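In: Quick one: sequence plus predicted model below, questions after.
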Amino acid sequence: LLAKKTLGLLESRPGYSLSRDLPLSRLSEAHLEALADSRRREGASAQTVVHELKVIRAACRMATRRGAVSVSVQQWPMPRLTPKTRYLSHEEWQRVYDFLDPARPVQGRPGTAPYVLDEKSQNGRLDVRDLLVVLTYLGGRWGEICALTWDRLDFAGGTARLWASKVSRERVVPIPRMALEALRMRAERLGAVPGAPVFPGRSGGLRTATARALAHALDEAGLNTPATVVSHGRATVHSLRHTYASWLLQGGADISEVKEALGHASLAMTLRYAHLARGRTVERLRAVLDDAR
């Protein structure tokens with residue numbers, strides 16, 4: 001898919017692309033800069049942009065090694081990209097939650113009255129709203145929440161055990177009241193069978209599909225207008241994990257506590273959120289010094 005988009009072969013994803021008639025030997029730094037600039041305007045993350053450029057450079061190196069062409073990629077510096085860690089405000093999050101209300105009427109064709117979804121469609125919307133709540137209030141990665149099974153939830157103790165395959169270890173996180181209520185209602189609706197996934201796929205097994213419906217809700221709730229994406233970055237499903245970290249820090253949690261809650265392997269990974277706690281830290285240090293007089 002990435003290669004097709006780069007060459008402009010995806011009609012469903014229009015955007016800047018390299019010409020299929022452009023020989024590798026004529027590919028220059030200017031082409032890479034134009035591609036990176038276009039992707040930034042589209043709202044792609046810095047990681048996505050760099051990955052696309054690295055694929056192009058790798059193709060050039062392979063062609064050079066095989067003697068097909070001679071492309072000097074060593075002089076191509078990778079564009080400096082400043083990634084934006086997008087997190088949602090409480091007001092933004094509420095807009096997405098309200099958009100996913102199963103009872104919210106849908107506007108049909110122009111000139112027709114809004115209508116209420118049928119039961120199957122309402123259940124589908126409720127499923128996506130449950131994902132929104134659990135992803136945000138447990139702070140899990142998409143894969144961790146998809147792999148969550150009922151036996152990993154302790155309703156009495158209010159905790160969940162998340163398995164992070166990325167770092168090959170398990171962590172225990174608290175289940176806040178809103179997520180606990182959503183999970184209990186979900187257990188009653190679906191039946192909490194030990195070992196069964198909390199968010200099953202269509203076949204009943206682990207969910208492997210993308211989070212397209214949730215990403216669509218973020219867009220439809222107005223979180224990704226062009227101006228907002230330029231200023232703050234694109235709101236994605238992973239932004240809910242950033243939101244979890246930001247709400248914890250803004251609410252008074254310590255940076256080391258947030259590190260454990262997120263399951264980061266090192267504190268350096270968590271320090272990207274440190275600026276969110278600076279105002280509170282300044283006030284706390286001032287109070288300590290005032291009391292020392």
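Out: Received, thanks. Residues are numbered from 1 along each chain as shown.
In: all strands for this structure, in order.
Out: Secondary structure of the chain by DSSP state E: the strands cover 153-154, 159-164, 169-174.
In: Name the nearest residue to the most centrally placed residue in the chain, sequence neighbours excluded.
Out: Geometric centre of the chain, nearest residue: residue 238, 1.5 Å, by C-alpha atoms, centre = their mean. Closest residue to residue 238 apart from its sequence neighbours, by C-beta to C-beta, 6 or more residues apart in numbering: residue 142 at 7.1 Å. C-beta here means a position set from N, CA and C on the backbone, and glycine is covered the same way.
In: residues in contact with that neighbour?
Out: Contacts for residue 142 (C-beta atoms under 8 Å, 6 or more residues apart in numbering) come out as 135, 211, 237, 238.
In: Sort out for me which of these are in helices.
Out: Using DSSP state H, the members of those that fall in helices are residue 135.
In: Just name the closest of the contacts of residue 142 to residue 105, please.
Out: Distance to residue 105, by C-beta to C-beta, is smallest for residue 211 among the contacts of residue 142, at 24.5 Å.
In: Run a quick neighbour tally on the closest one.
Out: For residue 211, the count of nearby residues is 21 (other C-beta atoms under 10 Å).
In: out of everything not next to it in sequence, what's closest to it?
Out: residue 237 (4.3 Å).
In: Need phi/psi at that neighbour.
Out: phi -60, psi -40 (degrees, to the nearest 10).
In: Could you report the separation of it from residue 135?
Out: Residue 237 sits 7 Å away from residue 135, going by C-beta to C-beta, to the nearest Å.
In: which regions of the stretch 51-200 of the chain sit below the pLDDT cut-off?
Out: Applying pLDDT under 70 to the stretch 51-200 of the chain picks out residues 70-83, 167.
In: Neighbours of the residue nearest to residue 236 when sequence neighbours are not counted, how many?
Out: Nearest residue to residue 236, sequence neighbours excluded (C-beta to C-beta, 6+ apart): residue 215, at 6.5 Å. Close neighbours of residue 215, defined as other C-beta under 10 Å, add up to 16.
In: what's the answer for the one 10 residues further on, then?
Out: The local packing of residue 225 (other C-beta under 10 Å) involves 10 other residues.
In: Could you tell me the phi and psi values at it?
Out: In terms of degrees, to the nearest 10, the main-chain angles of residue 225 are phi -70, psi 150.
In: quick one on the thing from earlier: ok, of the contacts of residue 142, which one's closest to residue 168?
Out: Using C-beta to C-beta, residue 238 is the member of the contacts of residue 142 that lies nearest residue 168, at 20.0 Å.
In: how close does the closest one sit to residue 145?
Out: Distance from residue 238 to residue 145, counting by C-beta to C-beta: 11 Å.
In: again with residue 40
Out: To residue 145, residue 40 is 29 Å away according to C-beta to C-beta.
In: Between those two, tell me which one has more neighbours.
Out: Taking neighbours as other C-beta under 10 Å, residue 40 and residue 145 compare with residue 145 leading, 23 against 19.
In: Helices of this protein, start to end?
Out: Using DSSP H, the helices found in the chain span residues 2-6, 29-42, 46-65, 90-99, 119-138, 142-146, 177-190, 212-220, 226-232, 239-250, 255-262, 267-270, 278-291.
In: Name the stretch among those that sits most buried.
Out: Of all the helices of the chain, helix 239-250 carries the top mean neighbour count, a mean of 22, counting by mean count of other C-beta atoms under 10 Å.
In: what touches both of residue 237 and residue 135?
Out: 142, 214.
In: Just checking the distance from stretch 89-102 to the centre of its chain.
Out: Counting by C-alpha atoms, centre = their mean, to the nearest Å, stretch 89-102 is centred 16 Å from the centre of its parent chain.
In: okay but residue 35 is in contact with residue 5, surely?
Out: No. Applying C-beta atoms under 8 Å as the test, residue 35 and residue 5 come out as separate, 10.3 Å apart.
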